[in-house]
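A.B. asks: This is the structure alone, sequence omitted:
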C-alpha cells in the first residue's frame, strides 16, 4: 500500500527529509508523530503527490503519486487548514469531494454532516475552526481512498467533537478497512486510534512500530541518587534530573513486574511515563546521538 | 471516472461568479447606452460595451488562480489545473463573445441615434461572423497575456515579477523613442485581421509556455528556484 524507499526532500538549501524508508502492505491506522518542523507535513505532501521527492521513490497503492492524475483515486490528504473557496458551502465541498474520488460514499458524507450538525447552506468561510475541521474529516472519511491522510485532525475540536471523530473514524474503518494516517504532534490525541506509530524526527523516520510496543516503553524512577542508580544499571537513560538529593530518571524500557519489584526493593518510586514525554525524550536523545555521531 | 471532472468543476465555479457579475455590468452599460441614444441628435458614438469583458479576461487568471490550491488539495495535479483552466476559459470566452455579439446586434435595432464602437468596426465588414470572431480573438489574446503574467507572478513572486515588468516597460519605452514604429502602426490599421491572428498566435504560445511553467510549479507563490542550491542538514 505504501512503499517509500530512500526518500529525500530538500527545500531552500535545507534537508527536510533524508533517507526515509517505510513499507506497509496492510490496511492499518497509523499515527504519525513528530515535533513541529520535523518533516511530517512534507512527508504527507509527498505521499499525496503534492510535492516531488528530490531522491528516492514513493509508491502508494502501486502508483507514483506526483503529477499522476490517477492519484486522486488512491490518496486523500486532508490538511490541517484545508483550503476551501470563499464561495463554497457544504454541498459544494461534498460535490467536489465526489467529483475527485471514485470511491466516494455520499451516504456516509451526508450521515457525517448530520452527526456533526454542520449547516449545509452556510459558506464554509464563516465556519469556526472546529466546524472547518469537521467538514474536512467528513470529506476525508467519505472519500474512502485506499490511503487517507489527516494532518492534525483533532485541532480545534472540543472533547465532545473529538469523541465523535474517534467514533466515526473507527466505524468507517471497521466497515471499510483502509490505510489511514493520522498526523499529530500531541500523540495522546491520536494514539487511542492507532495500531502503529511512525515517529519522524531529525529529518527521517526514526521508528515505525506497533503502538502497544512503543506505548509500554518509558519509565520514571525517582528516589535517592544511589538507590535510583542501582535500579538503572545498564538500562538506557533518556532523561535525568537532580533535585537536591533526589534523582529523577526516565528509562527507555518497558514497565515490567521485575522492574517494579526491583524498584520496591531499592525503595524508589517507579511509574509509567506519559507517552508524549517518552517520545519527546526519545527523539531528543536520538538527535543528540546523531549530532555526536 | 474521468479524472478531469473534479478539477474542471472547481475552476468553472471559481470563474462563474465573475462572469455573471461582468455580464450584469455589460448589460447595465448597454441599457445606459439605449437611454443615451434617445437623448442624442445625430449618429454619434455612445461608447463601447466590450470594456468590462476585455478587462476581466485580462485579469481572469488572477481571479481564478486560487483554484490551483483547491485542486491540489483535493488530489488533482498541476497539469489538470492547467487543462481545466484552458477548457473553462474557452467556454467563458465563447459565452462572453455570444453576449457581446448579441448586445451589439440588439443595439443596432434599439438605438434611436448613435452607435457603440466594436473592435470589428475597424475592418468595415458588417458580417456578423466577423464581429463574433474579432471579439473571440480579443478575449483569447487578453486571456493568454493575463494567464502568462499570473504564471510568472506565481512562479517568481511579486518582487521578481516587478523587476521583470520594469525591464519590459523600459524596453518598450526605449523602442517607442528610438525605433520608427510607423510601419507597425500602418500594418495594424491596414492588416488588422492579420495583426489580430498574429496576436492570437502569440497568445497561444504564451498559454503553452504557461502550461510548461506550471506542470512542475511550486506549491506556494514565489517558490520557484531558478538555480539549484547545495543542501545542508
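C.D. replies: That came through, no problem. Predicted, not measured: the structure shown is a model, and the values here were computed from it. Numbers count the residues shown, from 1 in each chain, chains lettered A, B, ... in the order given.

A.B. asks: Check the residue nearest to the spatial centre of chain B and give its pLDDT.
C.D. replies: The centre of chain B sits closest to residue B:143, judged by C-alpha atoms, centre = their mean, with a distance of 2.4 Å. According to the model's per-residue confidence, residue B:143 sits at a pLDDT of 97.

A.B. asks: List the residues that contact it.
C.D. replies: Taking C-beta atoms under 8 Å, 6 or more residues apart in numbering or on different chains as the contact definition, residue B:143 lies against B:57, B:58, B:60, B:61, B:89, B:93, B:203. Using the backbone N, CA and C atoms, a C-beta is placed for each residue, glycine as well.

A.B. asks: among those, which are in helices?
C.D. replies: Among those, the members falling in helices are B:57, B:58, B:60, B:61, B:89, B:93, B:203 (criterion: DSSP state H).

A.B. asks: how about these in CSV, adding neighbour count and pLDDT?
C.D. replies: As requested, the ones in helices among the contacts of residue B:143 are exported to CSV (neighbours: other C-beta atoms under 10 Å in any protein chain shown; pLDDT from 0 to 100):
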residue, neighbour count, pLDDT
B:57, 27, 94
B:58, 19, 95
B:60, 26, 94
B:61, 22, 94
B:89, 25, 96
B:93, 21, 96
B:203, 22, 97
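
A.B. asks: In a markdown table, list those along with distance to residue B:123.
C.D. replies: As requested, the ones in helices among the contacts of residue B:143 are arranged in a markdown table below (distance: C-beta to C-beta, whole Å):
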| residue | distance to residue B:123 |
| --- | --- |
| B:57 | 21 |
| B:58 | 22 |
| B:60 | 26 |
| B:61 | 29 |
| B:89 | 25 |
| B:93 | 20 |
| B:203 | 19 |
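
A.B. asks: about what we covered before: roughly how far apart are the closest residue to the residue nearest to the centre of chain B other than its chain neighbours and residue A:127?
C.D. replies: Leaving aside its sequence neighbours, residue B:143 sits nearest to residue B:57 (C-beta to C-beta, 6 or more residues apart in numbering or on different chains; 4.7 Å). Plainly put, residue B:57 is 33 Å away from residue A:127 if you go by C-beta to C-beta, to the nearest Å.

A.B. asks: what does residue A:287 give?
C.D. replies: Relative to residue A:127, residue A:287 is positioned 38 Å away (criterion: C-beta to C-beta).

A.B. asks: what do you get for residue A:214?
C.D. replies: Plainly put, residue A:214 is 35 Å away from residue A:127 if you go by C-beta to C-beta.

A.B. asks: Neighbour count: the two, which is higher?
C.D. replies: Regarding residue A:214 and residue A:127, a neighbour count based on other C-beta atoms under 10 Å in any protein chain shown identifies residue A:214 as having more, with 24 against 19.

A.B. asks: Report the distance from whichever helix or strand the more buried one is part of to the chain centre.
C.D. replies: For residue A:214, the element it lies in under DSSP states H and E is helix A:211-216. Offset of helix A:211-216 from its chain centre (C-alpha atoms, centre = their mean, to the nearest Å): 14 Å.

A.B. asks: Can you name every helix or strand that it contacts?
C.D. replies: strand A:196-201, helix A:275-292 (3 or more C-beta pairs under 8 Å, 6 or more residues apart in numbering or on different chains; DSSP states H and E).

A.B. asks: cutoff 10 Å now
C.D. replies: Packed against helix A:211-216 by the contact rule (3 or more C-beta pairs under 10 Å, 6 or more residues apart in numbering or on different chains; DSSP states H and E) you find strand A:29-33, helix A:187-190, strand A:196-201, strand A:204-210, strand A:246-254, helix A:275-292.

A.B. asks: neighbouring contacts of the shortest one?
C.D. replies: Helix A:187-190 has contacts (C-beta atoms under 10 Å, 6 or more residues apart in numbering or on different chains) with A:29-34, A:150, A:152-155, A:157, A:162, A:165-166, A:169, A:181-184, A:194, A:197, A:199, A:211, A:214-215, A:274-280.

A.B. asks: ok, 7 Å please
C.D. replies: Applying C-beta atoms under 7 Å, 6 or more residues apart in numbering or on different chains, the contact partners of helix A:187-190 are A:31, A:33, A:154, A:182, A:184, A:275, A:276, A:279.

A.B. asks: go on, the fourth one?
C.D. replies: Defining contact as C-beta under 7 Å, 6+ apart, one finds that strand A:204-210 is touched by A:17-22, A:195-200, A:214, A:283, A:286.

A.B. asks: That strand pairs with which strands, and in what direction?
C.D. replies: Taking DSSP bridges as the criterion, strand A:204-210 pairs within the sheet with strand A:196-201 (antiparallel).

A.B. asks: Now find how far off-centre the partner strand is within its chain.
C.D. replies: Between the centre of strand A:196-201 and the centre of its host chain there is 7 Å, according to C-alpha atoms, centre = their mean.

A.B. asks: again with stretch B:61-75
C.D. replies: Worked out by C-alpha atoms, centre = their mean, stretch B:61-75 lies 18 Å from the chain centre.

A.B. asks: Can you give me the buried ones in that stretch?
C.D. replies: Residues of stretch B:61-75 classed as buried by neighbour count (16 or more other C-beta atoms under 10 Å in any protein chain shown): B:61, B:63-65, B:67-75.

A.B. asks: again, but for stretch A:183-190
C.D. replies: In terms of neighbour count (16+ other C-beta under 10 Å), stretch A:183-190 has its buried residues at A:183, A:184, A:185, A:187, A:189, A:190.

A.B. asks: Pick out whichever of those sits closest to residue B:179.
C.D. replies: Proximity to residue B:179 was ranked across these by C-beta to C-beta; first place goes to residue A:183, at 58.9 Å.

A.B. asks: Ramachandran angles for the closest one?
C.D. replies: Residue A:183 adopts backbone torsions of phi -100, psi 140, taken as degrees, to the nearest 10.

A.B. asks: List phi and psi for residue B:49.
C.D. replies: Main-chain torsions, residue B:49, degrees, to the nearest 10: phi -110, psi -10.

A.B. asks: Show me what from the stretch 51-200 of chain A comes close to chain B.
C.D. replies: Counting by C-beta under 7 Å from any C-beta of the partner chain, the positions of the stretch 51-200 of chain A adjacent to chain B are A:51, A:67-72, A:75-76, A:79, A:82-83, A:85, A:87, A:96, A:99-100, A:102.
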